[in-house]
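Novice: have a look; sequence and predicted model below, questions after that.
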Amino acid sequence: MNGRADFQEPSAEVPRPITHIGPDYIPTEEERRLFAECSDESFWFRSVPLAATSMLITQGLISKGILSSHPKYGSIPKLIFACIMGYFAGKLSYVKTCQEKFRNLENSPLGEALRLAQARRRSSPPGHYYQKSKYDSNVSGQSSFGTSPAADNIEMLPHYEPIPFSSSVNESAPTGITDHIVQVKVNKYGDTWDE
């Protein structure tokens, strides 16, 4: 007996109390497997081909003289840069595919969060973005501020009106200066006057 009050059977199913995805979220075994699968597939099917292709194109441009090589290190720095950019481009290009795999995952809180985010994006009008505050309550019913439960379900989307550009409204401009152009006339003797 170790004296701990929170001891649980190792084979007992632990309910997942976390209803939001945040830094404290622990992925399920199926989600971990999918993370590893996405990482492997993005590396072998996107990153390696894009890195190799970008290095070949860079070497071709250097040999044709379009890109110059370094006097001391030759083409190595440019090839390393092309390889790194190809690697990251490959990883980034696989994000949507991986998100789709997680959306199709059953009984997954992460998949559910992605499905909800997709539904919100489809239901909101163009140009409006929904951003949930980290302070929003996940508990249904009355809020701690005493408002009605119906008021808690309303999602307010900000409406931004475009502001036309005006140099006179610029906060960094000194006050009292205008865009009026003074025309100065000069006669043949060098005398000046403004109109």
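Specialist: Received, thanks.

Novice: got the phi/psi numbers for Y87?
Specialist: phi -60, psi -50 (degrees, to the nearest 10).

Novice: with F88 instead?
Specialist: Here is the backbone geometry of F88 (degrees, to the nearest 10): phi -70, psi -40.

Novice: next: T58.
Specialist: When read as degrees, to the nearest 10, the backbone of T58 gives phi -60, psi -40.

Novice: show me where the protein has helices.
Specialist: With DSSP state H, the ranges of helices along the chain come out as 29-42, 48-64, 76-93, 95-103, 109-123, 149-152.

Novice: got the contact list for the residue lying closest to Y94 once chain neighbours are set aside?
Specialist: Once flanking residues are discounted, Y94 sits nearest to S42: 3.6 Å by Cβ to Cβ, 6 or more residues apart in numbering. (Glycine included, C-beta is placed from N, CA and C.) Contacts for S42 (Cβ atoms under 8 Å, 6 or more residues apart in numbering) come out as G90, K91, S93, Y94, C98.

Novice: among the residues you listed, who's most crowded?
Specialist: Greatest neighbour count in these, by other Cβ atoms under 10 Å, goes to G90: 21 neighbours.

Novice: per-residue confidence at that residue?
Specialist: Note on G90: pLDDT of 96.
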